[in-house]
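Trainee: After the sequence you'll find the predicted model.
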Amino acid sequence: MLSLTMGPLEQLYRERYSGFRNALAPVVGSNEAAHDVVQEAFAIALRKRNELRAHASLAPWVWQIAFRLALRERKRARLEELPEDLSILDPERDPGLAAAIRSLSPRRRLIVFLRYFAGFTYPEIAAALEIGEGTVAATLAQAHAALHHELQEVAG
């Protein structure tokens, strides 16, 4: 059980560290590098906590920091950009699903990534990517349809 005196940033770290690390590992290339990025992102968030707008959500704000750090680590510049080789799943574990996810556009892959592997809610994804919740919902629906089609092709 979380302490009543725990600050929101510490609570977010305890609840979401694994999700952040797992979501960033494919971007930076390893769990160790992702750990470092998450640690740095939370340190920056702690230093800049007064910059968080009163109406903004904490998790998407920290995610933006972490994702930008991860992209910088890969020499990337834009928040929406994902490496083409980003793989959410270990291909050996489920090659069909891994291939189907790789077939998604980088934007769809990122939203699937945040929803199902980092545990973000629709509003948190929308805030993190600075898009509307409707866009999140539509993108996930399109991704689901594309994944279903790809998996049907694999199944024969």
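Mentor: Sure thing, it's come through.
Trainee: So which helix or strand of the chain has the lowest pLDDT on average?
Mentor: In the chain, the helix or strand scored least confidently by mean pLDDT, DSSP states H and E is helix 95-102, which has a mean of 82.
Trainee: Pull out the buried positions in that helix.
Mentor: The neighbour-count check on helix 95-102 (16 or more other C-beta atoms under 10 Å) flags 97-102 as buried. C-betas here are computed from N, CA, C, even on glycine.
Trainee: which outside residues touch the helix of greatest length in the chain?
Mentor: Criterion DSSP state H: the longest helix present in the chain is helix 133-155. Contact with helix 133-155 is made by 96-97, 99-101, 103-104, 107-109, 111-112, 115, 122-123, 125-126, 129, as judged by C-beta atoms under 8 Å, 6 or more residues apart in numbering.
Trainee: Next, the angle from it to helix 95-102.
Mentor: Using axes from the mean of the first three to the mean of the last three C-alpha atoms, to 10 degrees, the direction of helix 133-155 lies 140 degrees away from that of helix 95-102.
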